[in-house]
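**Q** Have a look; sequence and predicted model below, questions after that.
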Amino acid sequence: MDEPGMVAERPTPEIEPHTEPFWRAAKERRLVLPRCTDCGELQFPPELSCVHCGSPNQEWVPASGRATLYTWTLCHPPLLPYFAAHAPWPVVAVTLEEGVRMVARLVGIPESQYEMEMPLVADYEDLDDERALVVFRPALS
């Protein structure tokens, strides 16, 4: 348990061999997705094999970064101590232009301005020297 007055450390995702290309690209301000080289389907999150056909053969391809808001929720109470200071914590699901859904944060506007199917673009939030999170913000008209 955290001591009163102490700031909890932000949790960071583990970089595993099958996710490393995603994290490297995010740090470089690029969005990439795994595509099965057998069936051609894209998927997210990265897995060891294709969720569509089971093939272990995948390649990483660039994604446009354009998306629409599919749905959202507010998380409270937070499950991890770091998020207590940020509660309620909005979590969104977006549909990428490529048809794949991602769970992320929507930044740049308050939750009261979220609208279903609003156009979004990928952005990036540095966590440390190795990791950046993909977040989304409203697309400029």
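**A** Yep, it's here. Residues are numbered from 1 along each chain as shown.
**Q** Where do the strands of this structure begin and end?
**A** Remark: strands assigned in the chain by DSSP state E are 32-36, 58-62, 66-75, 89-96, 101-104, 119-126, 132-138.
**Q** Tell me which of these sits most buried.
**A** strand 32-36 (a mean of 21; mean count of other CB atoms under 10 Å). All C-beta atoms are positioned from the backbone trio N, CA, C, and that covers glycine.
**Q** Which residues are in contact with the residue nearest the centre of the chain?
**A** Centroid-nearest residue in the chain: residue 104, 3.9 Å away (criterion: CA atoms, centre = their mean). Residues near residue 104 by CB atoms under 8 Å, 6 or more residues apart in numbering: 91, 92, 94, 133, 134, 135, 136.
**Q** got the contact list for the first one?
**A** By that I understand residue 91. Neighbours of residue 91 in contact, by CB under 8 Å, 6+ apart: 72, 73, 74, 75, 103, 104, 105.
**Q** Mind listing the residues bridging to it?
**A** Taking DSSP bridges as the rule, residue 91 bridges to residue 73.
**Q** By pLDDT, rank the contacts of residue 91 and give me the bottom one.
**A** The lowest pLDDT within the contacts of residue 91 belongs to residue 75, with 84.
**Q** Hmm, residue 92 and that residue touching each other?
**A** No: contact criterion CB atoms under 8 Å: residue 75 and residue 92 do not qualify, at 11.2 Å.
**Q** where in this protein is pLDDT low?
**A** Along the chain, segments meeting pLDDT under 70 span 1-8, 141.
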